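Following is a predicted model, sequence given first.
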Amino acid sequence: MDIKEIVAFWRGQQQIDLQGEWTHRLDRTVLETGPHSFNLDHPVCPYIGDVINAPVIILNANAGYDADLTPTEFPDASTVDAYIARVDEPSGSDWSFVSQYYDDTNYGHLIASGKAVAVNACAYRSPKISNEKDNRRIIPRLPSAIFTRRWLLEAVLPMAAKGERLVVANRSGLWKLDTASNANGLVRDACPVSPRITGVALSAMNDFLSR
């Protein structure tokens, strides 16, 4: 698999139904079977940043949702269109304006500069996936989540093994990486709940980017 295939998978595939719910077209049937509590009121979030070219790939759990903040990111049709355009064509897009969540991280500036990308194991939004049993149960059945994990294993980790990418597992639980835990080019964050990259993972990321 080629690293570009994740963009091809998502390009033009986000759809809004008559109820105003956003999904990847392949996920709709699974999500309709439920149960789940994902918020589908806004376009979903498979990745944040230049997923094709960014040298550091940060693995996160799922797209976050805040009832007060998230709607402010999509106040009108133009902001929705601009967001989807960035997902469809991430290389060369302006990633300097992203969710306010990344203001609290220590890698938001790297996303803005194209040096890092955050990739979600699940593209759908929820407040706190660790407390959402129904959502965790349905994720392994979602075609988009299945594809994204395969993309990591078949496209990204081989590049990391050759020193072409560094993979930082920040929120790795949903990625099911036990079999790849010792892969070259993959480093785990010791504080997987923190929005910040810490410790050994932070050092590895800074070293990799300073080469």
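Structure's in. What do you need? Numbers count the residues shown, from 1 in each chain.

burial measure for residue 185, as a count.
Residue 185 has 19 neighbouring residues, counting by other CB atoms under 10 Å. All C-beta spots, glycine's among them, are computed from the backbone N, C-alpha and C.

was I right about it contacting residue 166?
Yes - counting by CB atoms under 8 Å, residue 166 is a contact partner of residue 185 at 5.9 Å.

list the residues that contact both of the two?
Residues touching both residue 185 and residue 166 (CB atoms under 8 Å, 6 or more residues apart in numbering) are residue 160.

quick one, helices of the chain?
In chain order, the chain shows helices spanning 5-10, 28-33, 77-88, 108-113, 133-138, 143-151, 157-161, 199-209, with DSSP state H as the criterion.

got JSON lines for those helices, with mean neighbour count, distance to residue 102 and mean pLDDT too?
Shown next, in JSON lines, are the helices of the chain (neighbours: other CB atoms under 10 Å; distance: least, CB to CB, whole Å; pLDDT from 0 to 100):
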{"stretch": "helix 5-10", "mean neighbour count": "18", "distance to residue 102": "19", "mean pLDDT": "98"}
{"stretch": "helix 28-33", "mean neighbour count": "14", "distance to residue 102": "26", "mean pLDDT": "96"}
{"stretch": "helix 77-88", "mean neighbour count": "15", "distance to residue 102": "14", "mean pLDDT": "96"}
{"stretch": "helix 108-113", "mean neighbour count": "19", "distance to residue 102": "4", "mean pLDDT": "93"}
{"stretch": "helix 133-138", "mean neighbour count": "16", "distance to residue 102": "22", "mean pLDDT": "98"}
{"stretch": "helix 143-151", "mean neighbour count": "19", "distance to residue 102": "19", "mean pLDDT": "98"}
{"stretch": "helix 157-161", "mean neighbour count": "17", "distance to residue 102": "23", "mean pLDDT": "96"}
{"stretch": "helix 199-209", "mean neighbour count": "16", "distance to residue 102": "15", "mean pLDDT": "93"}
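
got any ranges where the chain has weak pLDDT?
By pLDDT under 70, the low-scoring segments of the chain are 179-182.
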